[in-house]
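In: sequence unavailable; structure follows:
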């Protein structure tokens with residue numbers, strides 16, 4: 001390899017690396033999987049590196065990388081189905097007394113750690129980025145056809161002009177505008193309530209999260225029930241059922257959760273711009289093993305939605321401990 005090629009590679013990495021997190025967020029919104037998004041970001045950088053000597057600067061490097069990433073995602077989605085949550089399967093809410101039905105073959109939607117999302121110096125930009133990665137929004141995006149999904153993200157999140165999107169997708173500006181209108185209409189149905197925020201938690205919300213930890217670790221179901229909104233939803237992939245209302249959710253936890261008081265430990269994290277907890281279950285030796293990852297959506301000072309992911313691999317993705325020893329309390 002020549003010295004000139006070494007210098008070109010160094011220049012590419014220096015200029016392209018700052019966009020890695022926002023490219024991952026873009027691919028995650030398109031694919032609904034943090035693991036698939038990581039793979040597509042790697043593919044994006046490989047394609048860009050190979051073509052860098054032909055990059056003519058007609059657009060910014062950021063735009064060029066997002067063009068490559070979007071094309072890679074659309075190609076990947078040709079052979080992949082959408083990633084739903086249980087609420088997106090079209091079934092009515094379940095009775096907690098019914099047997100749990102597990103579908104491990106379904107490619108379920110995954111949460112993304114906040115630590116992997118863009119983190120800039122402007123707090124407003126960080127909040128905006130988190131809003132565009134809310135779990136409900138990403139779940140809704142999965143119901144859009146892939147090209148319509150790309151149109152909405154390029155126009156609404158990346159703020160591309162319609163002509164730029166049309167050029168990338170090989171279509172007309174009128175078609176792009178029509179796709180955007182249809183996508184907006186569908187996503188309006190899941191727009192966050194005005195009082196739902198992705199900014200820093202209020203003192204009341206922080207107090208509620210403390211109560212949440214205490215109540216779950218004690219398996220204090222009456223207190224847990226009091227922390228939900230009247231229309232709260234609980235779902236837990238890979239199980240297909242979902243449950244609405246504090247009382248049914250309380251019965252589900254009381255009857256289906258195998259823990260007794262003191263058998264669970266919760267470790268705080270953050271996902272999709274929302275509070276989250278790694279939940280550990282006591283084993284026969286008294287240590288605590290990964291059980292579920294809870295992602296909470298708050299409305300005001302109450303919890304309106306919980307997605308509890310039964311996927312132990314997510315604990316590593318979120319940088320959570322592989323286990324908690326019996327005599328060690330996890331740092332809050």
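Out: Received the coordinates, thanks. Worth saying up front: this structure is predicted, and the values here are computed from it rather than measured. Residues are numbered from 1 along each chain as shown.
In: and residue 26, how far from residue 172?
Out: 23 Å (Cβ to Cβ, to the nearest Å). All C-beta spots, glycine's among them, are computed from the backbone N, C-alpha and C.
In: what's the answer for residue 261, then?
Out: With Cβ to Cβ as the criterion, residue 261 and residue 172 are 63 Å apart.
In: settle it for me: which of those two has more neighbours?
Out: residue 172 (12 against 9; other Cβ atoms under 10 Å).
In: which residues does that one contact?
Out: residue 166 (Cβ atoms under 8 Å, 6 or more residues apart in numbering).
In: pLDDT value on it, please?
Out: pLDDT recorded at residue 172 is 97.
In: element containing residue 222, please.
Out: helix 221-226 (DSSP states H and E).
In: residues of that helix that come out buried?
Out: For helix 221-226, the neighbour count (16 or more other Cβ atoms under 10 Å) marks 221, 224, 225 as buried.
In: for the closest residue to residue 149 other than its chain neighbours, the count of nearby residues, please.
Out: Leaving out its chain neighbours, the residue that sits closest to residue 149 by Cβ to Cβ, 6 or more residues apart in numbering is residue 141, at 5.4 Å. Residue 141 sits with 26 neighbouring residues when counted by other Cβ under 10 Å.
In: how much space between residue 170 and residue 78?
Out: 15 Å.
In: how about residue 85?
Out: On the measure of Cβ to Cβ, residue 85 and residue 78 end up 23 Å apart.
In: more crowded one of these two?
Out: Using other Cβ under 10 Å as the criterion, residue 85 and residue 78 rank with residue 85 on top: 23 against 7.
In: list phi and psi for the more buried one.
Out: phi -100, psi 160 (degrees, to the nearest 10).
In: got the contact list for it?
Out: By Cβ under 8 Å, 6+ apart, the neighbours of residue 85 are 108, 109, 135, 139, 235, 237, 242, 307.
In: sorry, back to before: now the helix holding residue 222: mean pLDDT?
Out: 98.
In: beyond that helix, next helix or strand please.
Out: Next along from helix 221-226, by DSSP H and E: strand 228-235.
In: direction included, what does that next one pair up with?
Out: strand 242-244 (antiparallel), strand 302-309 (parallel) (DSSP bridges).
In: turn those strands into JSON lines, columns for mean neighbour count.
Out: Below are the strands paired with strand 228-235 laid out as JSON lines (neighbours: other Cβ atoms under 10 Å):
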{"stretch": "strand 242-244", "mean neighbour count": "22"}
{"stretch": "strand 302-309", "mean neighbour count": "22"}
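In: what about those strands, which gets the closest to residue 59?
Out: Closest approach to residue 59 among the strands paired with strand 228-235 (Cβ to Cβ): strand 302-309, 36.9 Å.
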